[in-house]
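Colleague: Please find the sequence and the predicted model below.
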Amino acid sequence: REYRYASVSMLVLGAIAVTLCIITAFFVTRKVVKTESELFNEKELAEITLHSIGDAVITTDMAGNVDHITPAAEDMTGWSAQRARGVPLSRIFCTLDEVTRAPLEPMPAQVVADGSQPIDSQHALLLRKDGREFLIEGSRAPIRNEADETIGSVLVFRDVSKARILAQQLSWQASHDELTGLPNRRAFELLLQQHIDNSRSSERRHALLYIDLDNFKIVNDTCGHESGDELLRQLAGVLNNKL
């Protein structure tokens, strides 16, 4: 009887242990599935966020090889995400100095480990795979893990070609006469003040030449203002060729 009682007890304990194992496995599996689902959702959210912003984004590992590239970066570099993955950043992100046309080398991940760094030049030209060029600005920052160790970098940049051209046009319009294309009075006064300051500081001499256009009123009165404007344009061309 004692033997039978012990056997029954062992069977009950075994059944309880198996039940506990099943329950534990169920909750562990459920927790793992939930965690994986949350990680997947976070990854999807991150990718959707990256894809929805207007700036181009490229992430790299510590060796400088591309991990991820957004659609905006695909458009600007001419590289698809599939072909770009694992390729050195220097092959995809080819930049030149706008003024000297000298190549600009992308910063390795080790250089940006201490914080965000701007793109090497404020006059950076991005050379697309098909030869097209974009004026860009942006920055590169480190990617860190939970232990605060740098594991790669993220490059964010944007096309500023239209904005730069517009700024140049506005600057030119603010300092030049629309009719003749010559520097306007504001530009003349700024230049004159620079020469005055220069003559005082370095004891250099400058000359100011004043030209009067005789009988210009007669042209306007007899031929009309359009003819007068044309005369001023032609005179500006003559002066530009002589100076």
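Modeller: In hand now; what should we look at?

Colleague: Just after the helix or strand of the chain with the lowest mean pLDDT, pick out the following helix or strand.
Modeller: Least confident helix or strand, the chain: strand 117-118 with a mean of 56, by mean pLDDT, DSSP states H and E. On the C-terminal side of strand 117-118, the closest following helix or strand by DSSP states H and E is strand 124-127.

Colleague: what does whatever helix or strand Ala73 lives in contact?
Modeller: Secondary structure assignment for Ala73, by DSSP H and E: helix 71-77. For helix 71-77, contacts defined as C-beta atoms under 8 Å, 6 or more residues apart in numbering pick out 51, 53-58, 69, 79-81, 84, 92-93, 126, 128-129, 134, 136, 157, 159. All C-beta spots, glycine's among them, are computed from the backbone N, C-alpha and C.

Colleague: Which of those are buried, as a PyMOL select command?
Modeller: To isolate the buried ones among these in PyMOL, judged by 16 or more other C-beta atoms under 10 Å, type:
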select buried, resi 56+57+58+69+79+84+92+93+126+134+136+157+159
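
Colleague: returning to that earlier point: let me see the mean pLDDT of the helix holding Ala73.
Modeller: Helix 71-77 shows a mean pLDDT of 89.

Colleague: for it, which positions count as buried?
Modeller: Buried residues in helix 71-77, defined by neighbour count with 16+ other C-beta under 10 Å: 72-74, 76-77.

Colleague: what does stretch 208-217 give?
Modeller: Per 16+ other C-beta under 10 Å, stretch 208-217 contains no buried residues.

Colleague: Any idea how far it is from the middle of the chain?
Modeller: 50 Å (C-alpha atoms, centre = their mean, to the nearest Å).

Colleague: Residues touching that stretch, excluding its own?
Modeller: When contacts are defined by C-beta under 8 Å, 6+ apart, stretch 208-217 is touched by residues 192, 228, 231, 235.

Colleague: Many thanks, I have nothing further to ask.
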